[in-house]
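Give the three-dimensional model of this entry:
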Amino acid sequence: MKLIIQIPCYNEAETLEIALNDLPKQIDGIDEIEYLIINDGSKDNTVEVARNWGVNYVVDLKRNKGLAKGFMAGLDACLRNGADIIVNTDADNQYCADDIEKIVRPILEGKTDIVIGARPVDDTEHWSPLKKKLQHFGSWVVRKASRSEIPDAPSGFRAYSREAAMRLNVVNEYTYTLETIVQAGRSKIAMESVPIRTNAELRPSRLFSSMFGYVKKSMLTILRAFMMYRPLMVFSVIGSIIFAVGLAIGVRFLVYYFGGSGAGHMQSLILASTLMLLGFQTFIVGLLADIISANRKILEDVQYHVRKLDFDRDMERKQKAEGDGSPRQPESGQGADKE
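Prediction:
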């Protein structure tokens with residue numbers, strides 16, 4: 001059983017070594033632990049720090065592509081290098097590394113495929129009351145969208161089985177945390193949460209520059225996930241609201257019309273007709289989006305099987321090379337640069 005711990009990095013030279021030093025070297029039930037960083041276009045000596053520490057793999061993106069793209073590049077490299085379990089954590093040592101054993105244990109026991117660490121949000125002293133409320137609200141929305149019971153959706157401290165990692169596909173460029181939960185929930189991938197501890201803050205978050213920016217991007221990410229995975233529901237609600245407003249205006253016109261003063265309210269009739277037609281068209285768009293969503297599920301299944309064949313072929317080639325005693329060729333993330 002092989003565990004690879006991956007760490008997305010962007011200008012993390014000052015804190016990376018602290019995070020690496022805390023990572024576990026041995027876990028019961030795990031035969032081999034390796035370490036991987038995703039260098040997301042850092043302009044400092046993050047890669048040098050990682051190599052000097054002795055990380056096994058460096059996925060080196062030549063320019064900053066964002067947390068979501070970096071996360072997916074890391075998963076790809078972990079899978080290609082034979083990971084049975086992948087743990088994602090942060091380079092700022094936000095999460096208590098001793099809890100890595102806690103989040104991999106349910107996967108080792110075969111209980112689930114994804115484990116997400118739930119931070120003590122209300123007890124985190126360096127978070128403002130507003131941020132705590134927004135964290136709770138965002139997690140509630142994601143639970144509704146994913147039909148899951150994950151209490152801390154934005155948490156980046158999580159573990160994936162090989163099977164679950166091959167099924168993930170993040171399309172937004174902001175963050176992977178919210179969309180992957182919605183996707184896993186809608187795809188009925190086994191998922192659970194365990195309580196974890198956090199460390200003192202070493203630096204401010206770089207994911208957002210302001211609370212308003214964080215809320216805006218998070219809401220857009222959640223809305224987009226809703227529209228991707230539950231399009232008929234989203235467009236039906238929007239269309240129903242528009243249709244209901246138009247219907248109400250139409251009823252108002254009929255009241256005036258039968259009262260003998262309908263001629264002076266023709267604008268209401270035109271507006272009612274327009275809104276009711278627009279509401280109906282929105283519902284039709286929802287039906288079309290639902291068909292596209294069904295087609296996307298088929299494509300995701302095809303992608304999963306292509307990935308599985310690809311990664312299994314890589315593993316067979318690697319095992320054959322090791323059996324022949326021939327030198328291993330660097331693969332994606334295996335000491336090689338990845339653009």
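
Roughly how far does residue 140 sit from residue 151?
9 Å (Cβ to Cβ, to the nearest Å). Heads up, the C-betas are built off the backbone N, CA and C, glycines and all.

Neighbour count: these two, which is higher?
residue 151 (17 against 12; other Cβ atoms under 10 Å).

Are we agreed that that one is in a strand?
No - read with DSSP: H, G, I helix; E, B strand; the rest coil, residue 151 is coil and lies in no strand.

Tell me the gap between stretch 111-121 and the middle of its chain.
A distance of 13 Å separates the centroid of the chain from that of stretch 111-121, by Cα atoms, centre = their mean, to the nearest Å.

May I have that stretch as PDB, with CA atoms only?
Below are the C-alpha coordinates for stretch 111-121, written out as PDB (Å, rounded to 0.1, in the frame of the first residue of the first chain):
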ATOM      1  CA  LYS A 111     -15.000   2.200   4.500                       C
ATOM      2  CA  THR A 112     -14.900   5.100   2.000                       C
ATOM      3  CA  ASP A 113     -13.000   6.500  -0.900                       C
ATOM      4  CA  ILE A 114     -12.700  10.200   0.100                       C
ATOM      5  CA  VAL A 115     -12.000  11.600   3.500                       C
ATOM      6  CA  ILE A 116     -12.200  15.300   4.200                       C
ATOM      7  CA  GLY A 117     -10.700  16.800   7.400                       C
ATOM      8  CA  ALA A 118     -13.100  19.000   9.300                       C
ATOM      9  CA  ARG A 119     -11.400  21.900  11.000                       C
ATOM     10  CA  PRO A 120     -12.500  23.400  14.300                       C
ATOM     11  CA  VAL A 121     -13.900  26.400  12.500                       C
END
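
Average pLDDT for that stretch, rounded please.
For stretch 111-121, mean pLDDT is 92.

Same question for stretch 177-189.
Rounded mean pLDDT across stretch 177-189 is 86.

buried set for it?
Residues of stretch 177-189 classed as buried by neighbour count (16 or more other Cβ atoms under 10 Å): 177, 178, 179, 180, 181, 182, 183, 184, 185, 186, 187, 189.

and residue 160, how many residues sit next to it?
With other Cβ under 10 Å as criterion, residue 160 counts 30.
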